[in-house]
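[1] What follows is a predicted structure for the sequence shown.
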Amino acid sequence: MSNEPLLSVSGLSVTLRGRPVLSDVSFDVGPHEVIGLIGANGAGKTTLMRACLGLIDHRGHSSLADLPPQQRSKMAAWMPQAREIAWPVTVETLVMLGRIPHLDARQRPSQADCDAVDQVLKAMGLEEFRQRTATRLSGGEQARALLARAMAQDTPLLMADEPIAGLDPAHQISTMQSFARLAQAGRSVIVSLHDLGLAARHCTRLIVLDKGRITADGAPGDVLTPDLIRDTFGITAWYENTDQGPVFQPLEVLE
Amino acid sequence: MRAGPLFTGLILTLLALFTASLLIGPAQIGPLESLRALLAGDGGPLTLVMREIRLPRAVLAVMVGGSLGLAGAAMQGYLRNPLADPGLIGVSGSAALGAVLAIQTGFAAGFALGLPLAALAGALAGVFVVLALAGPRGTSLTLILAGIAISSLTAALISLVLNLSPNPFAANEIVFWMMGSLADRSMTHVWIALPFIALGAVLLASLARGLDALTLGEDAASAMGIRLPRLRLVLVIGTACVIGASTAVAGSIGFVGLVVPHILRRWVGARPGRLLGASALGGAAMVLAADIAVRVVVPSKDLKLGVLTALVGAPLFLHMIYRTRREGL
Amino acid sequence: MAVAGESPARPSRVVSLNLCTDQLAMMLADEGQLLSVSDLAYDPRSSAMVEEAKGYRKNHGLAEEIYLLDPDLVLAGRFTTRATVSMLQRLGIAVITLDPAYSLDDVRARIAEMGEALQQQDRAAGMLRDFDAQLAQLQAEVSRRPRTALYYANGYTTGDRTLAGQILLAAGLSNVAAEAGIGAGGTMPLEVLAMIAPELLVTSTPYPGESRSEDILEHPVVETLRRTLPGAGFTDRDWICGTPYVLRAIENMAELRRQTEQGEN
C-alpha cells in the first residue's frame, strides 16, 4: 500500500426521506487501524458505512463510492447488519461467495480462492462447520460465517455492521482479535458496535457519531471521556487503564 | 464440486427422453425405421412424419422446458423466494395474452416474428408488474397474491378476446393458452421461437454470479461489485424473451419453473448460479417427459401439458406454502 | 293466396332456430308462412341460402325473442339448446325437432318431415323426386375409388357414418377414415394422416379470424400433401346440412375425382 489512505471521506451528508441522517462527515482511514464506530441507536452508523461504500445517495465525497463497483469490491468488503442467507448453502460455499470479485470469467474458484477460504475458516474457528448448512446454524454462528465471508473478500478495508452482536463472550473477543490481526497485516477494519468495553480494549481508534455528526475521533483513551459518554450515551461509566489493559464499564443511566 | 455427475446425469436423461419423444407417436413405426427416415430422408411419408411432426415437437419440448426451468431458477434467485415460477406469478399468462392479441388482431400474420414479439411484450409487462408489486425482495405472500391477480386478469382478458373472435374455434382454445400443448407444432414454430429463447438464455445465464452474490442480500451483493439495476434489467428482459417465445408457441405451462429448481437445488449446493444451468436441463427433461406422457396416457385426445405439470406441481406448491408459513416467512 | 280449402292445421307463423331447419323451411314454406330464421342462416360460410334468408327476420335462438314473435310452430334441431326448447314448450308453443342427417337417406327423410311439419307435403314430394333424379345422374359407375381424406380443424375427420362420408361415397370416392378405424367422427393425428398417404385431401374452408385449431390445416405436412397429391378440395356450406345442396357437394367431389383420374392418364 502506498501512502494513499484506504478511505477518504469529506463533507459526507445523507438525507433520507427529507430527514438529514448524516451531516458533513469527514475522516480518513489509513492502514493498521481498527476503527470502532460508536453512537446511540439512530446516530447514523449504518448510514455512514453504506454511504462510504456508495450504496446510498449522498452528497460530499467518499473515495470508495467514487470507484466503479468492480474495483470498489476489491478495495472494501461489507458485512451488513441483516444476517441474510437466502439459500441453504454450506458454510464453505457461503464463505466462497466472498471470492466473487476475484473469480475469473469462467467463474470457477481457483486454488488461490480455495486457500483464501481455508484460511478465513481457520481464522474464524469455523473449520468444523465447513460442510454444515449455513441457514441451520445459530444466529451467532451465522454472524461469524457471514463475517468470514466478508473477510474472504480479502480487501484492504473491511467494514462490518455490528458483527459481534449476538455472539458469546469468547467469540466476541476472538472476533475483535481477528480484526486486530488484520490490522497488524496492514489492513484496516471499520466496525460499528455497542459494547464500549470491547471497543475500548480492541480498537485503535474510535469515531463517535451523534445525530449524524462526528463528535469525537481519536484513540479510545482520548475519546471516552466522562463528558462525551454523558452527552452521547446519557450514561456514567468507569474507565481505567489497568495492568490488564483498558477497562470500560458503563454504570448508570442519567436522568 | 458435486455438480459434475449431476450435469452428466441430466444430459443423459435428456438425450434418452429426446430419443423416446422421437419414437413415440400415434403412427406405429419401428424405432430403427423411424431414425433411418429421420436421418436419411427418402421423401416418403415416414420422413415427413419424423422431420415435420416429431422432430419439431421434441425440439420445442426441449426449448420450452429449458426456458421454463431457467426462468424459474433465475426469478427465484433474484427474488430469493422458492415460490417464484413464471406460470404462477402470471408472467406466462401475460405472455399468452400478448400472443392471443397478436393472433386475433392479425399482427401475428403480418410478419413472421410478430407472434413471439407480442408474447414477449406481454411477458415483459407481466414481469414488470410482478416485480413492482412484490418489491425487490418479494415476500411469499405478496408474490403469490400478485401472481393470482395477474393470472386472473390475463385469463379473463384471454377469454374475452377469444370469445370476441369471429372464428368459432377460437373460444375453445382458451384451454390451450391456459394449459399449453405441443401437439401439431411445426419447424416454423421452432424457428420463430429459437432466436428469442437463445437470446434470453444467454442473458439469464450471464446472471449466475450476481444471483450467487444476492444470496447475501442486496447490500452485500452491491458491495461485491454486482450492479443491481443492470442485473434487474437483464433478468426482466431475459425472462420475457424465454417465456414470451415459449408461451407463443406452446401456451402457458405452469409449475415447471417451480418443481425443477426445487428438486435440483440440493444437488447444486443451493447455489443460485449453478441452479440456472441445471434447471434448464431439468426443465427440458420434465417437459419432454410430460409431452411423452400425454401421448402415451391418452393417445386419442390432445391432453394438455399443463394438466400433467400441475398434477405434479400443485401438491408440491401446497407443501411449499405450508412450509413457508411454518417458517413464518 | 289463402284459399278456403287449405288444411286448417297448416301453421302460419313458423320460426326456425336451426341452420338446417332454416334452409329446409325456406325451400318448402309458402310465402309469409315462415317468419324468422336463425342468425346462422345469414352466415355465408355455413348457410347455402344467405340471399333467401334476407327476406326473413333474424333470431338468435333466445326464448324470449322467439316468444314475442308469437309463433304457432317452432322448428328446432336435435342440438338446439334444450333450455330454449323446453321453455318454449312450457309456454305452450308447438316445437318440432328434426334430427341431423347422417346419410343421403336421412336427407330424404328430413325433407319429408319438413313437408309434414309445414303441411307442404306436395312440395316436399316434388323436391324428393328432383333429388332422386339428380342423385341417380351423379352416381355414375366408377372403376376405382380414389382414397380420400377429410380433414378439419383440430385434426378432426369424419367417416362413412356421416353425411360428409356419404357425400364422398356418392361421388365415387373412398374415405380413409375407415383405415384409421374411424366410423363416425374422430381425431386423426397428423402423423397418421401422413402415413395413410391419401390420394385426395379435402379440408374445411378456414373461418376468418385466426385460430390455433385451424393452424393444423396449414401445417407443413398438410401443405406437403396438398402440393404432392393429385387432388385437393375443400368442404363448404353445402356439406353441413341435410338439404338438396348436398347434391352440389357430391357434384364437386365427383368433378375432383374426374380431374384426378385425368391427371393419372
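    Right, received. Where do you want to start?

[2] Just give the nearest non-adjacent residue to the residue of the stretch 51-200 of chain A at minimum distance from chain C, would you?
    In the stretch 51-200 of chain A, the residue that lies nearest chain C is A:W87 (39.4 Å; CB to the nearest CB). Just so you know, the C-beta spots here come from the backbone N, C-alpha and C atoms, and that holds for glycine as well. Using CB to CB, 6 or more residues apart in numbering or on different chains and skipping the chain neighbours, the partner closest in space to A:W87 is B:A270 (4.1 Å).

[3] and that neighbour, what does it touch?
    Contacts for B:A270 (CB atoms under 8 Å, 6 or more residues apart in numbering or on different chains) come out as A:W87, A:P88, A:V89, A:T93.

[4] on that earlier part again, give me the number of residues near the residue of the stretch 51-200 of chain A closest to chain C?
    Using other CB atoms under 10 Å in any protein chain shown, A:W87 has 24 other residues around it.

[5] Help me confirm that it is found in a helix?
    No: per DSSP: H, G, I helix; E, B strand; the rest coil, A:W87 lies outside any helix segment and is coil.

[6] you'd agree it is up against B:R265?
    Yes: contact criterion CB atoms under 8 Å: A:W87 and B:R265 qualify, at 7.3 Å.

[7] hey, what's in contact with both of these two?
    By CB under 8 Å, 6+ apart, no residue touches both A:W87 and B:R265.

[8] Which pLDDT value goes with the nearest residue to C:H219 once chain neighbours are set aside?
    Spatially, and ignoring its direct neighbours in sequence, C:H219 is nearest to B:S186 (5.4 Å; CB to CB, 6+ apart). Confidence at B:S186, expressed as pLDDT, is 92.

[9] quick one: contacts for B:S186?
    By CB under 8 Å, 6+ apart, the neighbours of B:S186 are B:E52, B:I53, B:P56, C:H219, C:P220, C:V221.

[10] likewise C:A41?
    C:S16, C:L19, C:D22, C:Q23, C:M26, C:S47, C:M49, C:V50, C:A53, C:Y56, C:K58 are the contacts of C:A41 under CB under 8 Å, 6+ apart.

[11] Relative to B:R51, how far out is the residue located most distally from the centre of chain B?
    Centroid-distance maximum for chain B: B:D42 at 34.5 Å, with CA atoms, centre = their mean. Separation of B:D42 from B:R51 (CB to CB, to the nearest Å): 11 Å.

[12] Would you mind giving the domain segments of chain C?
    Using automatic domain parsing, the domain parsing of chain C gives C:14-135, C:147-264.

[13] just so I know, which of these lies nearest B:L145?
    Proximity to B:L145 (CB to CB) singles out domain C:147-264 among those, at 31.0 Å.

[14] C:G186 belongs to a helix?
    No: applying three-state DSSP, one finds C:G186 to be strand, outside a helix.

[15] In this structure it contacts C:Y152, no?
    No: here C:G186 lies out of contact with C:Y152, judged by CB under 8 Å, at a distance of 11.0 Å.

[16] Out of those two, name the residue with the larger neighbour count.
    Taking neighbours as other CB under 10 Å, C:G186 and C:Y152 compare with C:Y152 leading, 22 against 15.

[17] Next, give phi and psi for the more buried one.
    Backbone torsions of C:Y152, given as degrees, to the nearest 10, read phi -120, psi -180.

[18] what's near enough to touch it?
    Counting by CB under 8 Å, 6+ apart, C:Y152 has contacts C:T158, C:T203, C:S204, C:L217, C:T235.

[19] among those residues, which two are most distant?
    Spanning the widest gap among the contacts of C:Y152 are C:T158 and C:L217, at 14.9 Å by CB to CB.

[20] Kindly report the residues of the stretch 51-200 of chain C close to chain A.
    By CB under 8 Å from any CB of the partner chain, no residue of the stretch 51-200 of chain C approaches chain A.

[21] For the stretch 51-200 of chain C, just list every one of the strands.
    Secondary structure of the stretch 51-200 of chain C by DSSP state E, counting those that start in this stretch: the strands cover C:57-59, C:73-77, C:95-98, C:147-151, C:156-158, C:174-175, C:185-187, C:200-204.

[22] closest one to B:I148 among those strands?
    Nearest to B:I148, of the strands of the stretch 51-200 of chain C and by CB to CB, is strand C:185-187 at 34.2 Å.

[23] Pull the distance from that closest one to the chain's centre.
    Centroid separation between strand C:185-187 and its chain, computed with CA atoms, centre = their mean, to the nearest Å, is 18 Å.

[24] Sticking with the residue nearest the centre of chain B, tell me its helix or strand.
    Taking CA atoms, centre = their mean, the centroid of chain B lies closest to B:L68, which sits 2.5 Å from it. For B:L68, the host element (DSSP states H and E) is helix B:55-79.

[25] Show me what that helix is packed against.
    Under the contact definition 3 or more CB pairs under 8 Å, 6 or more residues apart in numbering or on different chains; DSSP states H and E, helix B:55-79 sits against helix B:3-23, helix B:187-205, helix B:208-214, helix B:228-250, helix B:256-264, helix B:272-297.

[26] roughly how far is it from the heart of the chain?
    4 Å.

[27] pLDDT on that helix, on average?
    Helix B:55-79 comes out with an average pLDDT of 96.

[28] what's the angle from it to helix B:228-250?
    150 degrees (axes from the mean of the first three to the mean of the last three CA atoms, to 10 degrees).

[29] Isn't B:G238 up against B:L207?
    Yes: in this structure, B:G238 is within contact of B:L207 by CB under 8 Å, at 7.3 Å.

[30] Name the residues contacting each of these two.
    With CB under 8 Å, 6+ apart, B:G238 and B:L207 have common neighbours B:A74.

[31] mind checking how far A:L209 is from C:R226?
    81 Å.

[32] More neighbours: the two, which one.
    When A:L209 and C:R226 are compared for neighbours, A:L209 comes out ahead with 24 against 15, by other CB under 10 Å.

[33] weakest of the strands of the stretch 51-200 of chain C by average pLDDT?
    Looking at the strands of the stretch 51-200 of chain C, the bottom one is strand C:185-187 with a mean of 88.
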